[in-house]
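Asks: from the sequence below, what's the structure:
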Amino acid sequence: MKKTFIYSALLATVLSLNACQSKQQTSEATTPADTSEILPNRVDSQLEVPVSDWLEKLVGPEDGLFRGVNLGDAVSVVKEKENVEPFEEDAAHVGYTIDYPNLESTDIQYFLDKDKKVIRIDVDIYLNNRTSVDTHRKELTAYFTQKYGSPVQQTWSAAGNRITLTDVSKGKDFGLKLTFGGKSNA
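Replies: Below is the predicted model:
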């Protein structure tokens, strides 16, 4: 009788653990690409976010919306702040690349209006694997939350403009996309 009870309890435990694992796998498989947007004016000064070398290289100086640049800045401000040669430039945008030692990279494109002022910033972050995506997404989310405030339904805003962080990974191509621009509803 004692053996039967022990075997029954063991079987119930194994089935329980298996059911939990299956539910977690199903949940992960059906979760859509993660999109976060960043909202302002609720900065928690007690929250300290460690800034890695990767993040510091990506976001640049603390002033400005991103890399020392604000929406509405002239293209000359962008060129001064970036102070490297662009990989592409035309009347509508200027683009820069950041290379990292682990063969990951980032393309930053500043889109311009007819007066050569920044109206949108797109940041394409090319990563090596899922772990890198998850690590950098968490790091960026913590950084922007500290700088601009807590998210509301995964939507943040800075100075009336939307900041969007999206996981754009597909298959074996891993990456994140940041977009600065567009009016927020906050």
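Asks: check contacts around Gly181.
Replies: 71, 111, 119-121, 161-162 (CB atoms under 8 Å, 6 or more residues apart in numbering). For the C-beta atoms, the positions are set from N, CA and C on the backbone; glycine is no exception.
Asks: between those, which sits nearest Phe174?
Replies: Closest approach between the contacts of Gly181 and Phe174, by CB to CB: Ile121, at 21.3 Å.
Asks: shouldn't Asp167 be in contact with Arg130?
Replies: No: counting by CB atoms under 8 Å, Arg130 is not a contact partner of Asp167; they are 9.6 Å apart.
Asks: just to revisit the earlier point, can you pick out the most distant pair from the contacts of Gly181?
Replies: So, the contacts of Gly181 by CB to CB: farthest apart are Phe111 and Arg162, at 14.2 Å.
Asks: neighbour count: these two, which is higher?
Replies: More crowded of Phe111 and Arg162, by other CB atoms under 10 Å: Arg162, with 20 against 16.
Asks: mind giving me the packing neighbours of whichever strand or helix holds Arg120?
Replies: Per DSSP states H and E: Arg120 is located in strand 118-127. With contacts defined as 3 or more CB pairs under 8 Å, 6 or more residues apart in numbering; DSSP states H and E, the packing partners of strand 118-127 are helix 75-82, strand 105-112, helix 130-148, strand 174-183.
Asks: quick check: buried residues in the longest one?
Replies: The one in question is helix 130-148. Neighbour-count burial for helix 130-148 flags 132-134, 136-137, 139-148 (criterion: 16 or more other CB atoms under 10 Å).
Asks: swap in the last one?
Replies: By 16+ other CB under 10 Å, the buried positions in strand 174-183 come out as 174-176, 178-182.
Asks: related to what we said a few turns ago, partner strands of the strand holding Arg120, with direction?
Replies: Strands that pair with strand 118-127, judged by DSSP bridges, come out as strand 105-112 (antiparallel), strand 174-183 (antiparallel).
Asks: worst mean pLDDT among those?
Replies: For those, mean pLDDT drops lowest on strand 174-183, to a mean of 88.
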